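*Asks:* Below is the sequence, then the predicted model.
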Amino acid sequence: METPNLPAIRALRPAWNKGRIVGQKRPLKPKHVWAIRVRLELAENHRDLALFNLAIDSKLAIDSKLRGCDLVKMKVIDVMASGQFKERASVLQSKTQKPVRFEISEGTRASLARWMREPLMVGSEYLWPGRFHERLHI
């Protein structure tokens, strides 16, 4: 019994990455970082501004390999001690279980202080509490 040659099955839509540059992207330039900061300040988006500033500070540190998953799991205790913000933070990496130390700049401490005054932060253990389905963190 012969089997007829069936036409090749083709996707109805093109691949998601066709024509796009995939892989590692270029780092942000300082002018782009400041543009993002200004837009977040003008929009009064205190949470995203504090998160962005802390991410930038952790990446600027020498030999800092803080991943995004470690950043969103940060607790208030990691950046605050006795009601004041620390100048240096230490976070344990989830992948390697090694501590990562980085300096928290003055602007980041100011944006964190603004974020901590938000009603969503009252009584929160995590620095970035989840907004949906009562998740502990984002």
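*Replies:* Looks like it came in fine.
*Asks:* In the helix or strand harbouring I36, which residues are buried?
*Replies:* Using DSSP states H and E, I36 falls within helix 30-42. Neighbour counts over helix 30-42 (16 or more other Cβ atoms under 10 Å) mark 36-37, 40 as buried. Every C-beta, even on glycine, is put in place using the N, C-alpha and C of the backbone.
*Asks:* Report all helices and strands that the helix or strand just after that helix contacts.
*Replies:* Counting by DSSP H and E, the next helix or strand C-terminal to helix 30-42 is helix 46-60. With contacts taken as 3 or more Cβ pairs under 8 Å, 6 or more residues apart in numbering; DSSP states H and E, helix 46-60 sits against helix 30-42, helix 68-72, strand 99-103, helix 106-116.
*Asks:* how distant is the helix holding I36 from the center of its chain?
*Replies:* 15 Å (Cα atoms, centre = their mean, to the nearest Å).
*Asks:* Surely D78 and F85 touch.
*Replies:* No. If you go by Cβ atoms under 8 Å, D78 and F85 don't touch, sitting 10.5 Å apart.
*Asks:* residues near the residue nearest to S111 when sequence neighbours are not counted, how many?
*Replies:* Computed as Cβ to Cβ, 6 or more residues apart in numbering, the closest residue to S111 that is not its neighbour in sequence is A50, at 4.3 Å. Residues near A50, counting by other Cβ atoms under 10 Å, number 24.
*Asks:* if I pick the residue nearest the centre of the chain, what's in contact with it?
*Replies:* The chain has G68 as the residue nearest its centroid, 5.0 Å off, counting by Cα atoms, centre = their mean. G68 makes contact with A55, according to Cβ atoms under 8 Å, 6 or more residues apart in numbering.
*Asks:* how much space between it and K18?
*Replies:* The gap separating G68 from K18 is 27 Å, by Cβ to Cβ, to the nearest Å.
*Asks:* Could you do E118 as well?
*Replies:* Applying Cβ to Cβ to E118 and K18 gives a distance of 42 Å.
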